[in-house]
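Enquirer: got a predicted structure here, sequence first:
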Amino acid sequence: MGVGTLITVAPTGAETAKADAPALPVTLAELVTTARACQDAGAAMIHVHIRDESAAPTLDLGRLRETVAALRSETDLVVQLSTGGSTSDGYEARLAVLEAAPDSCSLTCGTVNFGSDVFMNPWPFIVDLYRATQERGIVPEFELFDIGHAATLNRLLDKEGAPYGGRIHCDLVMGVPGAMPADTRTLVAAVAALPPGATWSATGVGRWTLPILLAGLSAGGHLRVGMEDTLTFAAGQPVRDNAELVERAATLATLAQRPPMSPAQARNLLNIRSEGGQS
Ligand code: KMH
Ligand code: ZN
């Protein structure tokens, strides 16, 4: 295939308590240490959720700005902030995330059941967030938790035009309870529903991490791994840390003859013009 693999690490998320997973990076120092280790292991982009002083999820703008600055100065990674936050975050706070001026942000293309909660992404919010990415010059990554989200993405592009940077990059998040299942036939169907020319990564939640990693590689996709999505490395074996998940993804991508992209190659793929901190 001749194309490398973009490995994104999602190290923290908003759902897991530090007490349940001591290796979860929740302080800025832990996040930066994790980011460096994951870059060394083959990650090129980091999908960031942050926590407050009590390790609870937060969208505090000051902390987000500090986080972007620290990741820029200490790593070369493409810095992607989550605009999903946690299911209890309001639309205004989620829109305000863009004021922290990351390279990229997540943009979920529809409302979806999320375990016993609902992750709200109604059409007017999607449009507001998308326009804000265009105005602020932030490259969106379209998060698809269900196949219907691909239809919403196609509608969004039809009505609102191309994303900033001109590249359409999607992430299939598979296996969230209540959302699309994490199996190969669903992955193939979801990829077939993407806009023409889109690039995509895939991640499987929980025990679906490895099957979706293998299916994604075989289907020509990129990869997302990390403790946001799974806390289990193998049956009965907790994840050591995020770098362990990135190392495995990098090993399998290399075996598939699509070795990990560097952060510079990832910037090229996504058409992100800003420079990484260390380049
Ligand atoms: N924490 C989930 C409710 C995103 O980062 O954009 C939403 C999420 C998606 O993780
Ligand atoms: Zn997230």
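Expert: Here it is on my side, so go on. Ligands and ions are numbered 1, 2, ... in the order given.
Enquirer: which helix or strand contains the residue in the stretch 101-250 of the chain that ligand 1 sits nearest to?
Expert: Taking Cβ to the nearest ligand atom, ligand 1 has its nearest neighbour within the stretch 101-250 of the chain at residue 106, 3.3 Å off. From N, CA and C alone the C-beta is placed, and that goes for glycine too. Applying DSSP states H and E as the criterion places residue 106 in strand 104-108.
Enquirer: contacts only, for the residue of the stretch 51-200 of the chain found nearest ligand 1.
Expert: Nearest residue of the stretch 51-200 of the chain to ligand 1 (Cβ to the nearest ligand atom) works out as residue 84 at 2.5 Å. The contact partners of residue 84, taken as Cβ atoms under 8 Å, 6 or more residues apart in numbering, are 14, 94, 106, 108, 119, 143.
Enquirer: again, but for residue 198
Expert: Taking Cβ under 8 Å, 6+ apart as the contact definition, residue 198 lies against 168, 169, 170.
Enquirer: close to ligand 1: what parts of this structure are there?
Expert: In this structure, the chain approaches ligand 1 at residues 13, 14, 82, 83, 84, 86, 87, 106, 108, 114, 119, 143, judged by Cβ under 6 Å from any ligand atom.
Enquirer: make a markdown table out of those and add pLDDT.
Expert: A markdown table is the format used below for the residues of the chain next to ligand 1 (pLDDT from 0 to 100):
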| residue | pLDDT |
| --- | --- |
| 13 | 98 |
| 14 | 98 |
| 82 | 99 |
| 83 | 99 |
| 84 | 98 |
| 86 | 98 |
| 87 | 98 |
| 106 | 99 |
| 108 | 99 |
| 114 | 98 |
| 119 | 98 |
| 143 | 99 |
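Enquirer: sorry, back to before: so the residue of the stretch 51-200 of the chain closest to ligand 1, which of the three states?
Expert: For residue 84, the secondary structure call by DSSP: H, G, I helix; E, B strand; the rest coil comes out as coil.
Enquirer: how far away is it from residue 110?
Expert: Separation of residue 84 from residue 110 (Cβ to Cβ, to the nearest Å) stands at 12 Å.
Enquirer: do the same with residue 67
Expert: Noted for residue 67: a distance of 27 Å to residue 110, by Cβ to Cβ.
Enquirer: got phi/psi on residue 113?
Expert: The phi/psi pair for residue 113 (degrees, to the nearest 10) reads phi -60, psi 140.
Enquirer: is it true that it touches residue 180?
Expert: No: in this structure residue 113 lies outside contact range of residue 180 using Cβ atoms under 8 Å: 10.7 Å.
Enquirer: neighbour count for these two, which is higher?
Expert: With other Cβ atoms under 10 Å as the criterion, residue 113 and residue 180 differ in neighbour count, and residue 180 comes out ahead with 21 against 14.
Enquirer: would you mind measuring from the more buried one to residue 190?
Expert: For residue 180, the distance to residue 190 (Cβ to Cβ) stands at 7 Å.
Enquirer: now for the two: what residues contact both?
Expert: Applying Cβ under 8 Å, 6+ apart, one finds that residue 180 and residue 190 are jointly contacted by 144, 147, 172, 174.
Enquirer: identify the farthest-apart pair in those residues.
Expert: Pairwise distances across the shared contacts of residue 180 and residue 190 (Cβ to Cβ) peak at 10.3 Å, for the pair 147 and 174.
Enquirer: does residue 156 sit in a helix, a strand or a coil?
Expert: When the structure is split into helix, strand and coil by three-state DSSP, residue 156 lands in helix.
Enquirer: contacting residues for it?
Expert: For residue 156, the contacting residues are 109, 126, 127, 130, by Cβ under 8 Å, 6+ apart.
Enquirer: wait, is the last one part of a helix?
Expert: Yep, that's residue 130 we're talking about. Yes: secondary structure assignment (three-state DSSP) places residue 130 inside a helix.
Enquirer: can you check the pLDDT for it?
Expert: Residue 130 is assigned a predicted lDDT (pLDDT) of 99.
Enquirer: can you check the second one too?
Expert: At residue 126 the predicted local distance difference test score is 99.
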